[in-house]
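A.B. asks: Whatever this is, show me its structure:
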Amino acid sequence: MPRIKCFYEDCIHLENGLCGAALIELDPDDGCLTFSDDPADLEAVAEVEEVEEEVEDSWDDEGFEELEDLDLEDEDY
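C.D. replies: All right, here's what the predicted structure looks like:
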């Protein structure tokens, strides 16, 4: 069986630098079509995006308007 050296570091088929997929499909222009991202990495990215959305949703726009109404330029710091 031929061994295929893989340079996609985040592919789920990667095993010690070699492709472990039973069958691969290569395209001269697009490269390996069998490539698939590691689900653990995708879950981590999704969690970060979810937290970012929660933070954005929790911002209180009215609180920012109250800060804008304050006249802070006249005070000495």
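A.B. asks: Sketch out the low-pLDDT regions of this structure for me.
C.D. replies: For the chain, residues meeting the criterion pLDDT under 70 lie at 1, 38-46, 59-77.
A.B. asks: In space, what's closest to Ile24 - neighbours in sequence excluded?
C.D. replies: Residue nearest to Ile24 in three dimensions, not counting chain neighbours: Thr34, with 4.3 Å by C-beta to C-beta, 6 or more residues apart in numbering. In this view, the C-beta of every residue, glycine as well, is placed from N, C-alpha and C.
A.B. asks: how about the strands of the protein, start to end?
C.D. replies: Along the chain, counting by DSSP state E, strands occupy 14-15, 18-19, 26-27, 31-32.
A.B. asks: Output those as a markdown table; include the columns distance to Glu50.
C.D. replies: Below are the strands of the chain laid out as a markdown table (distance: least, C-beta to C-beta, whole Å):
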| stretch | distance to Glu50 |
| --- | --- |
| strand 14-15 | 27 |
| strand 18-19 | 32 |
| strand 26-27 | 33 |
| strand 31-32 | 30 |
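A.B. asks: right, so of those strands, which gets closest to Glu53?
C.D. replies: Closest approach to Glu53 among these is made by strand 14-15 (30.8 Å; C-beta to C-beta).
A.B. asks: Tell me which strands the closest one pairs with, and in which orientation.
C.D. replies: Partners of strand 14-15 in the sheet, by DSSP bridges, are strand 18-19 (antiparallel).
A.B. asks: Understood, closing this out.
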